[in-house]
Every structure is written in structure tokens, then in C-alpha cells.
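Asks: Whatever this is, show me its structure:
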Amino acid sequence: MTAKLTTLRQRLETCLGERVARLSLAQDELSLEIAAADYESVMRDLLLRPELDFAQLIDLCGVDYSTYKEGGKGRRFAVIVHLLSLAHNWRLRVRVFAENDDFPLLPSLTPLWTSANWYEREAFDLLGIVFEGHEDLRRILTDYGFVGHPLRKDFPLSGHVEMRYDEKEGRVVYQPVSIAPREVAPRIRREPGYGGAHD
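Replies: Residues are numbered from 1 along each chain as shown. Sure thing, here's the model as predicted:
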């Protein structure tokens, strides 16, 4: 670990204390894991404490960990935030799991970083993570009438409905998916003697 990362680790442990659930090093970047109950206060400290000064939120994304759970333990939905401090020239990755798998809910970071706006809308749209306090939480990539959240691991590969333009009605119409499930594995046919094989 570099001297800069060692300094950042010490400052995080000092400033955040018991709110640090886990602190690890991966890809030459520190990863901080915190509890959902501490999310808002920790993020506020990361921004406002001058010894940390993470003035830029450069990315926020949602993750569905349903297939990574060990024996069904652990939370399903997490939010991962990437922060940058221009004053100290360091980065930090923060991960927080939503407490409720059926209704994932976390506070919005838009009052702290306005750049979180579209990222939170994307996580809401694609994974169904709700950000409490977000002033305009609506779909951003899928259609307004879209049912479900397409990046959830349990979302069907073909979706639920399809849309098309209907010439007779003069508008876009929605209908149940009409694609029949099929296997797309290629058939391999080899000529006799292929690859030196003798028949």
C-alpha cells in the first residue's frame, strides 16, 4: 500500500470510527463498506470533513448480488459509489447494502452531490432501488410503461412485453412477448477425417 493510501486509510478510520464496517484494498483503491443506517452521515463526512474532502461523486451504480449470496445469506441489493478528492488527489469506493431485499431503500445523495441525480435514477430504473429524498425519481432508460427492472438477476431474458408501432392505430402498442424460447447453440457438422481423425 502506498503512503497516500495509508494516510487515507488512517483518516477514514479516525473520522468514521465504528461506522466503518469493512475497509479493504483492491485495484490500488480503497473500498469502504458501511451499513445502510450510516450511509447518509458517512457520505456527509466524506464530503464535508476537510481532511477527506471528497468533492466529486464520479459514479454511482446498483448491483444485484442474488447469485453471489453464500448459502442464501447476505443482502441482495447494494449501491456502489466512487468518490474523488481533488484537494488530496485520492479516490474511494463506497459500498452499502439496502436492508430490505423486497423493497431496497437508501437515502438520496443528491442533496450532497447533484451528480448523483441521473445515477440514482438509473439504479432505480434498472434495479428498483429507491432513493428516499430524490426529487425526481422516475425511469430514465426504459419506457414509462415498462414493467419490472431489467438488470435484476430474476428478470426474464426475453422480458414481459414488447412494443411496436401499429400502423392501423397510429401509435405504439404493447403486447405480451411473442418470441418462442429456443436454443441457440450452434450445430457442428464435421467432414470425415477432420482434424486428422480417421473414420
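Asks: Which residues lie in contact with the residue most central in space within the chain in this structure?
Replies: Centroid-nearest residue in the chain: residue 62, 1.6 Å away (criterion: Cα atoms, centre = their mean). With contact taken as Cβ atoms under 8 Å, 6 or more residues apart in numbering, residue 62 is in contact with 77-80, 122-123, 126-127, 129, 151. For glycine as for every other residue, the C-beta is placed from the backbone atoms N, C-alpha and C.
Asks: of all those, which two lie farthest apart?
Replies: 78 and 122 (14.6 Å; Cβ to Cβ).
Asks: rewinding a little: got the phi/psi numbers for the residue nearest to the centre of the chain?
Replies: Main-chain torsions, residue 62, degrees, to the nearest 10: phi -100, psi 150.
Asks: Just grab the bridge partners of it for me.
Replies: Residue 62 has these beta-bridge partners by DSSP bridges: residue 79.
Asks: Begin at 33, not 1, for the rest of this chat.
Replies: In the new count, where the first residue is 33, that last one comes out as residue 94.
Asks: any idea how far it lies from residue 209?
Replies: Distance, residue 94 to residue 209, using Cβ to Cβ, to the nearest Å: 25 Å.
Asks: And residue 42, by the same measure?
Replies: Counting by Cβ to Cβ, the gap from residue 42 to residue 209 is 54 Å.
Asks: same thing with residue 106?
Replies: According to Cβ to Cβ, residue 106 and residue 209 sit 32 Å apart.
Asks: In the protein, where is pLDDT below threshold?
Replies: Scanning the chain for pLDDT under 70 picks out 101-104, 190-192, 210-222, 226-231.
Asks: Give me the phi and psi for the residue lying closest to residue 174 once chain neighbours are set aside.
Replies: Using Cβ to Cβ, 6 or more residues apart in numbering and skipping the chain neighbours, the partner closest in space to residue 174 is residue 157 (5.7 Å). The phi/psi pair for residue 157 (degrees, to the nearest 10) reads phi -60, psi -50.
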